[in-house]
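3D, please:
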Amino acid sequence: MPVEKYAEEYKMDHKRRGKAVIFNHEFFNYLPHRQGSEVDVRSLRRTYEALGFEVIIHSNFKYAEIEKAIIECKFKQVVLN
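Below is the predicted model:
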């Protein structure tokens, strides 16, 4: 059963929780190296996996790669539903 648009809680008792997609950006063209992002990613991964989500991590993607990954996630979701 889908969650209503303005539901106060996310339904967490179904078998397949879904996917948690994490985009980790540690290196930038014109900014200093962002230290510590891997620690954040590990923490997020543990948390989402503990909640039963499939975790997908993308690191240092460029704009076009991010856009492609999002489109692929949306397409796979439509195909699976």
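
which residues of the chain fall in helices?
Using DSSP state H, the helices of the chain run over 37-50, 63-80.

What does the pLDDT read for the most far-flung residue of the chain relative to its centre?
Most distant from the centre of the chain: Tyr30, at 25.0 Å, with distances by Cα atoms, centre = their mean. Looking at Tyr30, its pLDDT stands at 75.

Export the helices of the chain as JSON lines, with columns for distance to Ala20.
Where C-beta positions appear, they are placed from N, C-alpha and C, glycine not excepted. Converted to JSON lines, the helices of the chain look like this (distance: least, Cβ to Cβ, whole Å):
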{"stretch": "helix 37-50", "distance to Ala20": "4"}
{"stretch": "helix 63-80", "distance to Ala20": "11"}
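
got TSV for those, with mean pLDDT, distance to Glu4 and mean neighbour count too?
Below are the helices of the chain laid out as TSV (pLDDT from 0 to 100; distance: least, Cβ to Cβ, whole Å; neighbours: other Cβ atoms under 10 Å):
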stretch	mean pLDDT	distance to Glu4	mean neighbour count
helix 37-50	94	23	13
helix 63-80	80	18	11
